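1. no sequence on hand, only this structure:
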């Protein structure tokens with residue numbers, strides 16, 4: 001058994017994937033204690049050929065169709081053998097000895113089930129990656145057009161703004177772009193819930209882990225860079241749909257059907273309002289192409305009905 005299995009799900013981001021893998025192998029983590037698994041979700045670029053040619057040590061699981069982020073992560077986890085499972089986005093880069101730090105911290109603290117590192121943006125600024133569980137009230141503000149109007153205390157609590165970014169502390173959940181889990185957690189609660197195609201799957205996994213008695217910790221001294229959302233940027237409308245459906249699934253599971261339905265109606269109305277605003281701006285000739293793209297994306301969201309699966 002290896003110490004660490006790194007699972008990377010990739011879709012049409014060959015250049016970023018190459019940088020990610022190079023950063024892993026630059027890390028001082030011992031190669032004989034590490035396995036890297038790339039699950040390619042039917043990329044149409046040269047991702048698969050690149051991994052085969054330049055990284056023969058990688059376990060490559062090439063899928064014949066795009067199975068979605070969550071399903072592909074589970075395929076990687078099922079193949080892995082490490083004591084720890086590190087879910088890592090392909091648009092990330094591991095800095096310094098982050099891998100060794102995280103494994104050592106988990107080894108020294110056996111009550112921790114899931115751990116997340118300090119995440120940086122491309123420009124070196126901190127990317128908030130630690131959270132507390134969302135309340136139903138937060139659901140109407142966070143990542144909606146109402147977010148600028150949200151009570152500051154509500155957002156500060158959710159984003160854990162009451163602690164320094166380089167601190168190490170217990171949180172409710174950590175961002176799935178870089179998430180380290182103990183194998184025992186997976187054995188106890190199972191893999192990611194494939195009802196979430198993408199987004200909120202890590203929130204749900206951390207929720208289930210904490211319910212089972214495990215701690216979730218943010219390790220502020222261990223750093224990675226996350227360039228952010230490069231696969232999902234390729235399909236704007238689907239990104240909106242998956243994000244909101246996943247959000248609704250979480251509230252349905254943990255706060256009930258009525259809460260999810262009220263939130264769903266609110267979200268559909270808000271997308272309709274945004275569609276009307278963008279359409280009016282397009283008619284006035286203000287950034288017409290951008291406005292028309294947004295109108296098409298918002299219309300697809302509305303047509304989907306944001307049904308909870």
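-> Received the coordinates, thanks. The structure displayed is predicted, hence computed values, not measured ones. Residues are numbered from 1 along each chain as shown.

2. for residue 70, grab the count of nearby residues.
-> Neighbour count of residue 70, defined by other Cβ atoms under 10 Å: 26. To be clear about C-beta, it is placed using only N, CA and C from the backbone, and glycine gets the same treatment.

3. name the element the most centrally placed residue in the chain belongs to?
-> The chain has residue 176 as the residue nearest its centroid, 3.5 Å off, counting by Cα atoms, centre = their mean. Here residue 176 sits in a region with no helix or strand, counting by DSSP states H and E.

4. what's the closest non-adjacent residue to it?
-> The shortest distance from residue 176 to any non-neighbouring residue, by Cβ to Cβ, 6 or more residues apart in numbering, is to residue 202 (3.2 Å).

5. returning to that earlier point: the residue nearest to the centre of the chain: what's it in contact with?
-> Residue 176 sits next to 87, 89, 201-202, 205 when contact means Cβ atoms under 8 Å, 6 or more residues apart in numbering.

6. show me the residues you listed that map onto helices.
-> Among those, the members found in helices (DSSP state H) are 201-202, 205.

7. rewinding a little: quick one: which of the contacts of residue 176 is most hemmed in?
-> Within these, most neighbours by other Cβ under 10 Å means residue 205, with 29 neighbours.

8. check whether that residue really touches residue 116, as I assumed.
-> No - in this structure residue 205 lies outside contact range of residue 116 using Cβ atoms under 8 Å: 11.6 Å.

9. list residues touching both of those two?
-> Contacts common to residue 205 and residue 116, judged by Cβ under 8 Å, 6+ apart, are residue 179.

10. please point out which parts of the longest strand seen in the chain sit buried.
-> Longest strand in the chain by number of residues, with DSSP state E as the criterion: strand 215-226. The neighbour-count check on strand 215-226 (16 or more other Cβ atoms under 10 Å) flags 216-220, 222-226 as buried.

11. go on, stretch 46-60?
-> Neighbour counts using 16+ other Cβ under 10 Å place 47-48, 50-51, 55, 58-60 of stretch 46-60 among the buried residues.

12. list the contacts for residue 178?
-> Here residue 178 is in contact with 86-89, 92, 116-117, 119, 129, 224, 226 (criterion: Cβ under 8 Å, 6+ apart).

13. now the ones in helices among the contacts of residue 176 in JSON lines, with pLDDT and distance to residue 37?
-> Below are those laid out as JSON lines (pLDDT from 0 to 100; distance: Cβ to Cβ, whole Å):
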{"residue": "201", "pLDDT": "97", "distance to residue 37": "17"}
{"residue": "202", "pLDDT": "98", "distance to residue 37": "18"}
{"residue": "205", "pLDDT": "98", "distance to residue 37": "18"}
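
14. before we move on, back to that, widest-spaced pair of the buried residues of strand 215-226?
-> Within those, two members stand farthest from each other by Cβ to Cβ: 216 and 225, at 21.9 Å.

15. what does stretch 92-112 rub up against?
-> Applying Cβ under 8 Å, 6+ apart, the contact partners of stretch 92-112 are 3-4, 19-20, 23-24, 26-29, 34, 84, 86, 88, 115, 117, 120, 168, 177-178, 180, 182, 214-217, 219, 221-227.

16. got it, and stretch 146-161?
-> With contact meaning Cβ under 8 Å, 6+ apart, stretch 146-161 is reached by 128, 130-132, 134-135, 137-138, 140-142, 162, 169, 171, 218, 270.

17. 7 Å - rerun?
-> 128, 130-132, 134, 137-138, 140-142, 162, 171 (Cβ atoms under 7 Å, 6 or more residues apart in numbering).

18. for the stretch 1-150 of the chain, what spans make up the helices?
-> 14-26, 47-54, 69-79, 98-108, 136-139 (DSSP state H, counting those that start in this stretch).
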